[in-house]
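Colleague: Structural data only, the sequence is not supplied:
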């Protein structure tokens, strides 16, 4: 089945929809620091996505501006 639309990472980056999020997740032995890129139309949704993926997070840090090229 052919694809109707293909949007790659660079297109999201150019459109201001890529957010860099840092999250701290506790384990049995230590706290793991994770840095990830989330594709989202806004900062709040990016934060919600990360909180949903890591529900036992200790802290989430996200900048006020999306990544840019």
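Modeller: Sure, I can see it. In this text the structure is predicted, and so the values were computed from the model without any measurement. Numbers count the residues shown, from 1 in each chain.
Colleague: Tell me the spacing between residue 33 and residue 44.
Modeller: 22 Å (CB to CB, to the nearest Å). Quick note: C-beta positions are derived from backbone N, CA and C, even for glycine.
Colleague: can you give me the strands in this structure?
Modeller: 18-26, 31-39, 59-62 (DSSP state E).
Colleague: Dump those into a markdown table; add mean pLDDT, distance to residue 7 and mean neighbour count as well.
Modeller: Converted to a markdown table, those look like this (pLDDT from 0 to 100; distance: least, CB to CB, whole Å; neighbours: other CB atoms under 10 Å):
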| stretch | mean pLDDT | distance to residue 7 | mean neighbour count |
| --- | --- | --- | --- |
| strand 18-26 | 97 | 12 | 18 |
| strand 31-39 | 97 | 9 | 14 |
| strand 59-62 | 97 | 22 | 14 |
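Colleague: Kindly reformat those strands as JSON lines containing distance to residue 5.
Modeller: Compiled in JSON lines, the strands of the chain are given as follows (distance: least, CB to CB, whole Å):
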{"stretch": "strand 18-26", "distance to residue 5": "18"}
{"stretch": "strand 31-39", "distance to residue 5": "15"}
{"stretch": "strand 59-62", "distance to residue 5": "27"}
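Colleague: of these, which approaches residue 4 most closely?
Modeller: strand 31-39 (18.5 Å; CB to CB).
Colleague: Compute the inter-axis angle for that closest one and strand 18-26.
Modeller: 160 degrees (axes from the mean of the first three to the mean of the last three CA atoms, to 10 degrees).
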